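S.K.: take a look and give me a structure for this.
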Amino acid sequence: MADDPRFDCLGAWADPYAAGPTLVFRLRIADPAPEGVHAIALRCQIRIEPHRRRYGPEEAALLADLFGEPSRWGDTLRPIQFAMVPATVPGFTGSTEFDLPVPCGYDLEVAAGAYFASLEDGEIPLILLFSGSVFARAGNGLTVHPVPWDCETRHRLPVAVWREMMDRYFPGSGWLRLRRDTLRELRLFKSERALATYDEALGLLLKEARG
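M.R.: Here you go, the predicted model:
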């Protein structure tokens, strides 16, 4: 509706000073409340919309464990949950801009992590869905009303931004979780073959598996 707040994403980048991988989304909120907004207690849910881009052959192969064969993608390319983050927006009149930091993981067993790691280039189609409470000024007091359920905006995050962020914290590497017994067997294999690293052990196992 015309009197509802409107959200726009102006851009996103990797935070160079965060303790862990973090994307920062620059958001703009416009609210028509005539006396201004005292504050907004905001929640932002971010989803990936995989059906909104094309994929090369190698990307399609890597994404098969998420979506199956490309012939099925008409049914399987469903939105993927990426993040749910809270924010408190300070008071403003008319419109304001603020930064929304989003901590990111690199767990390849999580659907979002596996999806990001499968992409070569291009952009990642995201949708940002908003909820929460708006505290608006009204005379000498405040009124409180919910952020409407249909408040949303889209952003296309360059894959290069994601890679830049992950390379800052995991240069040339990734993160893989193994069961303790699997890790023990891998350690024995590494020791038996006199290999220096687990990476070498996995590389040799893959080479032997291929023939």
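S.K.: quick one: contacts for residue 46?
M.R.: Residue 46 sits next to 82, 83, 84, 85, 102, 126, 127, 128, 129 when contact means C-beta atoms under 8 Å, 6 or more residues apart in numbering. Every residue, glycine included, has its C-beta placed from N, CA and C.
S.K.: ok, what's across the strand from it?
M.R.: Beta-bridge pairing of residue 46, defined through DSSP bridges, involves residue 83, residue 128.
S.K.: domain ranges for the protein?
M.R.: With domains defined by automatic domain parsing, the chain comprises 6-177, 178-211.
S.K.: would you reformat these as JSON lines and include mean pLDDT?
M.R.: Below are the domains of the chain laid out as JSON lines (pLDDT from 0 to 100):
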{"stretch": "domain 6-177", "mean pLDDT": "92"}
{"stretch": "domain 178-211", "mean pLDDT": "89"}
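S.K.: what's the most buried one of those domains?
M.R.: With neighbours taken as mean count of other C-beta atoms under 10 Å, those reach their highest mean count in domain 6-177, at a mean of 15.
S.K.: which stretches of this structure form helices?
M.R.: With DSSP state H as the criterion, the chain has helices at 57-62, 64-67, 73-76, 111-118, 159-169, 180-192, 198-209.
S.K.: JSON lines please, covering those helices and showing distance to residue 45.
M.R.: Below are the helices of the chain laid out as JSON lines (distance: least, C-beta to C-beta, whole Å):
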{"stretch": "helix 57-62", "distance to residue 45": "25"}
{"stretch": "helix 64-67", "distance to residue 45": "20"}
{"stretch": "helix 73-76", "distance to residue 45": "21"}
{"stretch": "helix 111-118", "distance to residue 45": "12"}
{"stretch": "helix 159-169", "distance to residue 45": "19"}
{"stretch": "helix 180-192", "distance to residue 45": "34"}
{"stretch": "helix 198-209", "distance to residue 45": "35"}
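S.K.: those: which one's closest to residue 35?
M.R.: Across the helices of the chain, residue 35 has its closest neighbour in helix 159-169 (38.2 Å, C-beta to C-beta).
S.K.: now the angle from that closest one to helix 111-118?
M.R.: Counting by axes from the mean of the first three to the mean of the last three C-alpha atoms, to 10 degrees, helix 159-169 lies at 100 degrees to helix 111-118.
S.K.: give the other helices and strands that helix 159-169 contacts.
M.R.: Packing partners of helix 159-169 (3 or more C-beta pairs under 8 Å, 6 or more residues apart in numbering; DSSP states H and E): strand 6-14, strand 22-31, strand 123-138.
S.K.: put the alpha carbons of it into CSV.
M.R.: Provided in CSV are the C-alpha atoms of helix 159-169 (Å, rounded to 0.1, in the frame of the first residue of the first chain):
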residue,chain,number,x,y,z
VAL,A,159,29.7,-14.2,-7.4
ALA,A,160,33.1,-12.4,-7.3
VAL,A,161,32.0,-10.6,-4.1
TRP,A,162,31.3,-14.0,-2.4
ARG,A,163,34.6,-15.4,-3.6
GLU,A,164,36.5,-12.3,-2.5
MET,A,165,35.0,-12.7,1.0
MET,A,166,35.7,-16.4,1.3
ASP,A,167,39.3,-16.1,-0.1
ARG,A,168,40.0,-13.5,2.7
TYR,A,169,39.2,-16.1,5.4
